[in-house]
Structure formats: structure tokens, C-alpha cells
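Chemist: Fold the stuff below for me.
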Amino acid sequence: VLISDEFQFYKSLPRFLTILFGLLYYFSLMQLKPEKSYLTLLLLLICTSSFVSSCFSLFQNYLMTSESYFAVKIEYGRPTGIFQQVNVLASFTATGIAVCLYLLNSLKNKYLILFLITCVFVNFWVLFLTQSRTGLLAGAILICYYSFIYFKSKEFKKIIILIGILITSLTLAKTLPYGAGNDYITKKEVISSPTIRMYIYQDSLELFLQEPITGHGYGSFHRQLTDYSAGKAIERNNINYGKKVTHPHNELLLWMVEGGAIAGVALVLIFSYFCYLIYYSKHKNKLGVFLLSMPILLHTLTEHPFYQSTIHFVFFVTLIYITLKQCSIPQRKINLNRSLIKILNLLIVLCIVIFSLTALQSVIKLKKYIYDEPNNHILLSQTLNPFIDYKFKEIQTNTLKLEFALQQNNYNEINEFILWSEGFLKAY
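Modeler: The predicted structure is shown next:
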């Protein structure tokens with residue numbers, strides 16, 4: 001069962017649209033000239049982005065106050081940067097480190113080298129501040145690999161610089177006190193403790209075994225896990241964690257539960273082919289090229305970065321493109337009608353503009369309804385984008401219909417509400 005009902009369709013649609021736009025973005029990158037200067041420029045752009053993100057994280061950790069213009073709440077006393085989630089910041093920072101170390105191994109310009117060393121230092125500083133196990137694991141892999149490369153090529157000066165960066169950044173992260181922003185902290189309920197995480201993996205695997213071939217249907221994971229974990233709540237101290245878990249914290253596991261072995265095998269084959277292309281390429285630094293996307297790949301096995309950060313998905317697709325180009329993978333040319341491509345691109349841009357404008361209009365209307373005019377229910381019908389806060393609008397609209405049905409003793413409307421709620425609760 002691919003999509004079992006309308007509500008699951010709405011939940012899964014953004015994921016498939018994101019994949020579609022990712023493919024379009026990748027094919028757009030393929031139109032660029034595969035010159036080394038272009039690829040280096042893209043990598044430097046990623047380095048600069050990670051550097052700016054890390055600088056903001058340092059400001060957030062040491063200088064931010066509740067009155068600051070960019071004030072955001074800090075989770076657990078650790079910086080989250082622009083991402084509002086500490087592990088997402090960690091994987092983004094680790095990706096910046098991977099790209100910087102890769103470029104340091106090939107660039108000769110002394111000013112660029114100085115900039116990249118500064119980026120590595122600042123990024124490691126922030127990485128230690130996040131205390132993210134996934135991010136630190138990615139950082140450790142990068143340190144071990146490049147230390148081995150420098151030792152093998154007898155570049156002992158680079159080893160000393162790398163060790164100096166690590167010691168200095170770790171010392172600063174551990175010794176410098178928090179700024180006044182440390183008072184502006186919120187703590188969320190932790191549902192990702194080792195015990196709960198094991199429950200998530202265990203129950204997800206058991207759900208997969210229930211429908212191993214085709215899965216439970218795309219968009220169904222949250223409902224399936226909520227029902228399944230509720231049945232085991234008694235033996236787990238009456239904890240039904242499934243109500244708060246919308247993702248199994250493992251991308252492969254999500255696709256296996258919803259799409260079955262078909263989706264799981266497809267993902268494994270794609271990754272295997274990607275590794276095959278790198279392994280049999282003639283690039284001198286094959287593992288270094290693979291490690292460009294390793295922090296994000298590692299993060300997808302423990303959480304869901306692509307659902308929390310669009311920039312992670314964009315950079316991941318960009319790094320896949322750069323990896324294949326750096327490995328000189330032969331490409332096939334497909335002759336298409338240029339007018340058709342231009343029209344298609346125009347339609348895509350037009351759709352994005354329309355979606356963005358209607359989304360902005362819907363957000364303004366809903367904000368007005370929630371904060372200024374909670375009794376003006378006409379505002380709900382004036383929203384133009386059905387995907388913006390779909391769950392909230394469905395609940396509000398159908399609750400209003402139920403109230404009117406109860407006042408008028410309209411049993412047909414009441415039955416329609418019951419049918420709607422049964423389908424809605426299956427997905428949400």
C-alpha cells in the first residue's frame with residue numbers, strides 16, 4: 001500500500017516533492033562546466049557558510065542576551081546556531097570541517113589556506129561546544145583520516161597545526177564561561193535517551209516485519225508507531241513515546257517501514273553504486289572525496305536532518321555532484337528540445353513563486369487568527385495554501401462544523417465528523 005488515504009498523502013507529499021526538486025537541482029548543476037575552478041568555488045561557498053554559521057553560534061553562546069536582536073532560545077545550554085537544533089548544527093559544522101580539510105590538501109594560495117585554517121579552528125570550537133555525539137564522531141573520523149594522510153606524506157607541520165587547532169578549540173570550549181545569554185535557556189523533554197531510542201529502533205523493525213515487502217504506506221509511520229507503542233506501554237512504565245515521535249531517527253528505517261524492502265533495497269543499491277563509482281575512480285584522494293558528505297550521511301542514521309534543515313539537503317546534493325565530478329565519472333549527453341527545457345524551467349520557477357507567496361499569505365492569515373481574532377473563523381477559509389499548517393486548519397474547521405451540528409442536532413454532520421476523525425487520527 002503506497003498511500004492508504006488522503007491524510008497520509010498530505011503527510012508524504014512534501015517528502016516526494018523535495019526529492020523531485022533535489023533531482024532538478026542536481027540536473028541543473030550538471031549544466032555547469034565541470035572545471036576545477038567551479039568545483040573549488042562551490043566548496044569554498046560551503047566553507048564560508050559553515051564559518052558564518054559557527055561565528056553566529058559563538059555569538060549565541062558567549063554574547064547573546066534575551067534582549068539581543070537575534071535572540072533565540074538555547075537548548076540544554078548548548079548553541080544551536082541558525083538551526084534551532086544542536087545536532088543539526090553539529091553535522092553542518094562537521095561538513096564544513098570536511099570540506100576545509102579537503103581543500104587544504106589541494107590548494108596552494110596562502111591567503112585561502114589561512115582562511116581555511118581559521119574555518120577549521122572556529123568550526124572545531126563550535127563542534128566541541130555542541131557536545132553532539134554524531135558530530136564529534138564525524139570530527140574524529142576526519143581527524144584520524146587526515147592525520148594518517150599527513151603522516152604518510154611526512155607533512156609533520158600540518159599534523160602539528162591540526163593538533164594545535166584541536167587543543168586550542170577544546171580548551172576554549174571547556175574553559176570560557178557562558179555569556180549572559182546562558183540565562184535564556186529552555187529545556188525540552190528528552191525523548192531521545194538511550195532507552196527510548198532503543199524502543200524506537202526495536203518497534204520500527206517490528207513494524208517493518210509486519211509488512212516487509214510493500215510497507216505500511218508512505219506517511220503512515222507516526223500513526224503506526226503510536227498504535228504499536230501504545231500496546232507495549234504497560235511493560236514500559238506506561239510510557240507511550242510514539243505520540244511524540246514522527247521519525248525513527250534513521251532515514252533507511254523510515255523508508256523500510258513505510259515502503260518495505262523495495263524502498264530499503266533501492267536506497268542500499270543507490271549508496272552501493274555511489275561507493276562503487278568512487279572506489280574505481282582515478283582520483284588520488286578517494287576517501288577524502290567520500291568524506292565530504294560523510295557527516296550528513298552519518299547524521300541521517302541517527303536523526304532526520306533533511307526534515308529540519310533545507311540547507312542540509314541542498315548542500316548534500318551539491319556535495320554528491322562535486323564528488324562525482326571530482327572522480328571524473330563519465331557522463332552521457334541527452335539531447336533535449338531547448339524550448340521545452342526553458343518552458344519547464346519557467347513553470348517550475350512560477351510554481352515556486354506562487355507557492356511561496358500563498359504560503360506567506362496563509363501564515364499572515366493564521367497568525368492574525370491565532371493571536372488577534374480567534375473568533376473570526378472566516379480567516380481560516382481565506383488561506384490560499386492548503387499545505388501551510390494543514391493539521392491545525394483541519395482540526396479547527398471540523399471542530400467548528402461539529403459545534404454547529406451539535407447545536408442543530410444534525411446527525412449526518414456528526415457522523416461525517418466521526419468518519420473524518422477516524423481517518424485523520426490514523427495519519428496524525
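Chemist: Report all helices and strands that the host helix or strand of Leu89 contacts.
Modeler: Leu89 is part of helix 86-104 when elements are defined by DSSP states H and E. Applying 3 or more Cβ pairs under 8 Å, 6 or more residues apart in numbering; DSSP states H and E, one finds that helix 86-104 makes contact with helix 36-62, helix 110-130, helix 133-152, helix 286-290, helix 294-300, helix 305-308, helix 310-326. In this view, the C-beta of every residue, glycine as well, is placed from N, C-alpha and C.
Chemist: Out of those helices, flag the one nearest Gly81.
Modeler: helix 36-62 (4.2 Å; Cβ to Cβ).
Chemist: Give the buried residues for that closest one.
Modeler: 39, 42-44, 46-47, 49-51, 53-54, 56-62 (16 or more other Cβ atoms under 10 Å).
Chemist: which residues in the stretch 151-300 of the chain form helices?
Modeler: 156-175, 194-210, 221-231, 251-279, 286-290, 294-300 (DSSP state H, counting those that start in this stretch).
Chemist: what angle separates the second one from helix 251-279?
Modeler: Meaning helix 194-210. Put simply, helix 194-210 runs at 80 degrees to helix 251-279, going by axes from the mean of the first three to the mean of the last three Cα atoms, to 10 degrees.
Chemist: follow-up on the earlier one: out of the helices of the stretch 151-300 of the chain, deepest packed?
Modeler: helix 294-300 (a mean of 23; mean count of other Cβ atoms under 10 Å).
Chemist: Just read off the phi/psi values of Ser132.
Modeler: As for Ser132, its main-chain torsions (degrees, to the nearest 10) stand at phi -80, psi 120.
Chemist: Quick check: the gap between the nearest residue to it once chain neighbours are set aside and Ser309.
Modeler: In space, and not counting its chain neighbours, Ser132 is closest to Ala90: 3.4 Å by Cβ to Cβ, 6 or more residues apart in numbering. Using Cβ to Cβ, to the nearest Å, Ala90 is found at 12 Å from Ser309.
Chemist: more neighbours, those two?
Modeler: Counted by other Cβ atoms under 10 Å, Ala90 and Ser309 do not tie: Ala90 has more neighbours, with 32 against 21.
Chemist: just checking, that one touches Phe128?
Modeler: No: between Ala90 and Phe128 no contact is recorded; they are 9.9 Å apart, counting by Cβ atoms under 8 Å.
Chemist: what do these two both touch?
Modeler: Both Ala90 and Phe128 are contacted by Leu136, under the criterion Cβ atoms under 8 Å, 6 or more residues apart in numbering.
Chemist: could you point out where this protein is predicted with low confidence?
Modeler: Within the chain, the stretches with pLDDT under 70 are 1-7, 34, 65-77, 178-193, 238, 329-338, 341, 425-428.
Chemist: The spatially closest residue to Glu394 that is not a sequence neighbour is in what secondary structure piece?
Modeler: Nearest non-adjacent residue to Glu394, counting by Cβ to Cβ, 6+ apart: Phe424, 6.5 Å away. Phe424 is located in helix 411-427, with elements delineated by DSSP H and E.
Chemist: Could I get the helices and strands packed on helix 86-104 in CSV, plus columns for distance to Gly259?
Modeler: Converted to CSV, these look like this (distance: least, Cβ to Cβ, whole Å):
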stretch, distance to Gly259
helix 36-62, 31
helix 110-130, 32
helix 133-152, 24
helix 286-290, 26
helix 294-300, 16
helix 305-308, 16
helix 310-326, 19
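Chemist: for these, which one sits closest to Asp389?
Modeler: Among the helices and strands packed on helix 86-104, the nearest to Asp389 by Cβ to Cβ is helix 305-308 (16.3 Å).
Chemist: in terms of contact count, name the helices or strands touching that closest one.
Modeler: Under the contact definition 3+ Cβ pairs under 8 Å, 6+ apart, helix 305-308 sits against helix 86-104, helix 294-300, helix 310-326.
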